[in-house]
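Q: What follows is a predicted structure for the sequence shown.
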Amino acid sequence: MDLFLSTSCPQCGADVSFEEESTVLYCQYCGGALRVAGRSGVIRTYVAPREDIRSIKKIIRKALRHAKAKKALVTEKRLFFAPYWRIKGMVFRWIFGKKLDGEILKELKTKPLDYTFPAYEGIHLGLRSLGVRPAALKLLFFDRRKMSKTGAIMNVATTFDTAVIHGASVRDVGLDETGVRLHLGRTRLVGERYGIIYFPFWMMRLSLGAKGSVVLILDAVANKVTRVLTDEQWRDMEEKTGRQPATVSFSRVFFIPFKCPNCGWDLPLNRFDMIHLCGTCHRAWMEKGGRLKAVRFEAAAPPEGLNESLVYLPFWVFHAEMTSNGQSLKTTADLHAFSPLYPSKAQEGTKPRPIRFYVPAVAIRNISAANKLATRVTHNQPSFDPMPKDRLQDCRFMGVFLGPEAAADMADVLLCSLTPASNQKRQDFVKHAHTAINKLDLVWWPFYEQRLFLRDAICGCGIQKGALSDYRTREFLDREGTRT
């Protein structure tokens, strides 16, 4: 489940919410569509407090019983927002080894990472993590002026570099292997994003008469006590929170018109697309630096004589060179010598061709299916002819869900996929391999329906239609440039 971000529509002012992964904001009140921009860096959001008087009264009565006091007086009550780092991405972990019974093991483990931890230091508020709540709560974009009217804002004391190190330390949690003699374990966090969530806390000072006073720290969403402090502990905490903040470069989210910069027509309203293909002039656009910028792309021409109805799935195609311990993989011949996993249809000519990795950019809900498709197409190293631009109007295109940075992160995952399970020499190469990417292209690849599958029209690789997140509900571009 993705968290929902809440904001005001820049066009009509109505309150609107949209999924975190959404790239397009659609306002149901004015019908306007805007592209979300400015999310390439660290985004700041906050959670609004929920004051439940009944729960707070119960808390005070419980504090009285614990202190064996007869009555209490709330002498001070204030709200403050404490910062938490949030790290999100998809973890891929390849495991090569042998089970205790001697069976050879090659396994890909995956998990979504959604991890939060305090961005403040030197104090303890009793809440080490926000848990799963960021995936369920409505978050608002950081607004210092609005937040300051209701409470104080604590400084971020943990640097971005420290957050990256902290995130790397938890990537393998839950992906451990037992009963395996491990030869190679390689973990990669793909599509990682960092943000700061300001979470609300209540500070309440209770005077207990002859029993003295205590300070309660409350989770201001659940209205539950997270810590009970003495006055001295509270003063010490206030002093520490006022220290010099860490230097972190934050991004500001804003919205830009969602229309084709070339022809002015509306772009397809597929809200999770990273790249938007205009159905009128057939140019592709990606938000970068607060502007829609043109993206160069090609569509692979299908084989001559193919009479099937085609749908085009996007792939990121990049030239890659792998080096390890003085050895390198540079050409398709090198790759097939390294990885004789599948029968290959690749034709090696007299001139060596560089290795090209093919990563599906369409939204695929089944990670194993996506990895298998990428591995098979990459192993085939297919060559293709680009389709003439005047024929693009006859094609149906699926949208680009995976961005270019995340596709480049998949290089290590693909290299492990191509590594034989029983060849330790190849696995030793992968252990210390470094992948250099020198070219990244967007290519729409032709597929046709074959019962439950979509079949690659060029090299015959397939994927189940049900593995694609929204194949049946997707808005396609038809030949007239409208959406179906």
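A: That came through fine.

Q: Report the secondary structure state of the residue lying farthest from the centre of the chain.
A: Going by C-alpha atoms, centre = their mean, the residue of the chain most distant from its centre is Ala210, 54.2 Å out. What DSSP: H, G, I helix; E, B strand; the rest coil gives for Ala210 is helix.

Q: tell me the contacts of it?
A: Applying C-beta atoms under 8 Å, 6 or more residues apart in numbering to Ala210 gives no contacts. Every residue, glycine included, has its C-beta placed from N, CA and C.

Q: what about it, distance to Lys71?
A: 11 Å (C-beta to C-beta, to the nearest Å).

Q: Can you report how many residues neighbour the nearest residue to Gln11 once chain neighbours are set aside?
A: Closest residue to Gln11 apart from its sequence neighbours, by C-beta to C-beta, 6 or more residues apart in numbering: Gly32 at 4.4 Å. If you count neighbours by other C-beta atoms under 10 Å, Gly32 ends up with 18.

Q: check contacts around Gly32.
A: Contacts for Gly32 (C-beta under 8 Å, 6+ apart) come out as Cys9, Gln11, Cys12, Tyr26.

Q: can you check Ala408 too?
A: Neighbours of Ala408 in contact, by C-beta under 8 Å, 6+ apart: Trp316, Phe318, Ile437, Leu440.

Q: now do Pro302
A: So Pro302 contacts Leu310, Pro446, Ala457, Ile458 (C-beta under 8 Å, 6+ apart).

Q: next one: Phe96
A: Phe96 touches Leu105, Lys106, Leu182, His183, Leu184, Gly185, Cys416, Thr419, Ala421, Gln427, counting by C-beta under 8 Å, 6+ apart.

Q: Regarding Asn371, what is its secondary structure?
A: helix.

Q: ok, for it, nearest residue in space, not its chain neighbours?
A: Ser417 (5.8 Å).

Q: residues near the one you found, how many?
A: Neighbours of Ser417 (other C-beta under 10 Å): 21.

Q: Please produce a ChimeraX select command covering the buried subset of the contacts of Gly32.
A: Typed into ChimeraX, the next command selects the buried ones out of the contacts of Gly32 (criterion: 16 or more other C-beta atoms under 10 Å):
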select :9,11,26
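
Q: Filter the contacts of Ala408 down to the buried ones and hand me the PyMOL line.
A: Here is the PyMOL selection string for the buried members of the contacts of Ala408, based on 16+ other C-beta under 10 Å:
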select buried, resi 316+318+440
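
Q: Now flag whichever of the contacts of Ala408 is closest to Asn325.
A: Ile437 (20.0 Å; C-beta to C-beta).

Q: Help me confirm that that closest one comes into contact with Trp316.
A: No: applying C-beta atoms under 8 Å as the test, Ile437 and Trp316 come out as separate, 10.1 Å apart.

Q: Tell me which helix or strand the closest residue to Pro10 other than its chain neighbours sits in.
A: Closest residue to Pro10 apart from its sequence neighbours, by C-beta to C-beta, 6+ apart: Phe255 at 5.2 Å. Following DSSP states H and E, one finds Phe255 within strand 254-257.

Q: now what about that strand, what contacts it?
A: Contacts of strand 254-257 (C-beta under 8 Å, 6+ apart): Pro10, Leu25, Leu34, Arg35, Val36, Ala37, Gly38, Glu287, Gly290, Arg291, Leu292.

Q: What is the nearest of those residues to Thr375?
A: Glu287 (30.3 Å).

Q: and the closest one, what are its bridge partners?
A: Under DSSP bridges, the beta-bridge partners of Glu287 are Leu292.

Q: got JSON lines for the contacts of Gly32, with distance to Arg227 and secondary structure too?
A: Output for the contacts of Gly32, formatted as JSON lines (distance: C-beta to C-beta, whole Å; DSSP: H, G, I helix; E, B strand; the rest coil):
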{"residue": "Cys9", "distance to Arg227": "39", "secondary structure": "coil"}
{"residue": "Gln11", "distance to Arg227": "44", "secondary structure": "coil"}
{"residue": "Cys12", "distance to Arg227": "43", "secondary structure": "coil"}
{"residue": "Tyr26", "distance to Arg227": "42", "secondary structure": "strand"}
